[in-house]
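1. next come a sequence and a model predicted from it.
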Amino acid sequence: MFTLALTRSILMTDDPSELDSLRRLESQAVAAVYDRYFPEVYRYVRYRLGDEILAEDITSEVFFRLLKAERVRHGPSKNIRGWLIGTANNIVNDHLRHKYHRPLVQLEETHASHGHALAEEVENQDRTRFLQRALTRLTKEQQHVLALRFSLNYSLEETAVVMKKNVNAIKQLQYRALAALYRQMAKYT
């Protein structure tokens, strides 16, 4: 556990040579950044939106914006990971702001003949929809802290670095977010 936390805190500060190579848009550096951070950015977006295909599209957009920002010298100055998660957060927030939400349940034909399994699947989808709906009623900052802490398993310190707050502010924000989520979920049960 300590080793994982130590490894993660080392990852919060990037190697200056990696940043320099990225700024020069060296293909190996770009590929390494993509390979290293794509899974983490994808998990973050997937957690926030609950849609695999949309999460893939938005994650790709994050990396496109990284390259675009590097071309005009506006990319990350110290922390690639923080820049990517911050950009993902902004894109998700923009998407949610413009989204027309009309829940649709798609059931595959293979489920139609499985009676009891179908009922369980629909019940699981309903629970997921309730949770997603409750999450969207939180503030963007509350959604962000919950995604970092529970989807990406960031420590309090890592979350504080990404959100540019102190650890006590993160604790308080997380507590309020969980309390608000609990209140929202209680309305649906």
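-> Thanks, I have it.

2. can you pull the domain assignment for the protein?
-> 8-99, 119-189 (automatic domain parsing).

3. list the contacts for the one residue sitting closest to the centre of the chain?
-> Nearest to the mean C-alpha position of the chain, by CA atoms, centre = their mean, lies residue 44 at 1.9 Å. With contacts defined as CB atoms under 8 Å, 6 or more residues apart in numbering, residue 44 is in contact with 85, 88, 89, 147, 148, 151, 152. C-betas here are computed from N, CA, C, even on glycine.

4. thinking the fourth one is in contact with residue 50, fair?
-> No - the pair residue 147 / residue 50 is not scored as a contact, 11.2 Å apart, by CB atoms under 8 Å.

5. between the two, which is the more surrounded one?
-> Between residue 147 and residue 50, counted using other CB atoms under 10 Å, the more crowded position is residue 147 (24 against 15).

6. where in the protein is pLDDT low?
-> 1-14, 100-116, 188-189 (pLDDT under 70).

7. just checking, what packs against whatever helix or strand residue 177 lives in?
-> Using DSSP states H and E, residue 177 maps to helix 167-188. Applying 3 or more CB pairs under 8 Å, 6 or more residues apart in numbering; DSSP states H and E, we find helix 167-188 packed against helix 116-136, helix 140-146, helix 156-163.

8. and these: which comes nearest residue 80?
-> For these, proximity to residue 80 was assessed by CB to CB; helix 156-163 is nearest, at 11.7 Å.

9. off-centre distance for that closest one?
-> Relative to its parent chain, helix 156-163 has a centroid offset of 14 Å by CA atoms, centre = their mean, to the nearest Å.

10. give the buried residues for it.
-> 156, 158, 159, 160, 161, 162, 163 (16 or more other CB atoms under 10 Å).

11. try stretch 178-189
-> By 16+ other CB under 10 Å, the buried positions in stretch 178-189 come out as 178, 180, 181, 184.

12. including distance to residue 78, could the residues you listed go into JSON lines?
-> Listed next are those as JSON lines, based on distance: CB to CB, whole Å:
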{"residue": "178", "distance to residue 78": "30"}
{"residue": "180", "distance to residue 78": "32"}
{"residue": "181", "distance to residue 78": "32"}
{"residue": "184", "distance to residue 78": "36"}
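
13. and which of those is nearest to residue 67?
-> Closest to residue 67, out of all of the buried residues of stretch 178-189 and judged by CB to CB, is residue 181, at 35.2 Å.

14. ok so, going back, the residue nearest to the centre of the chain: which element?
-> helix 27-49.
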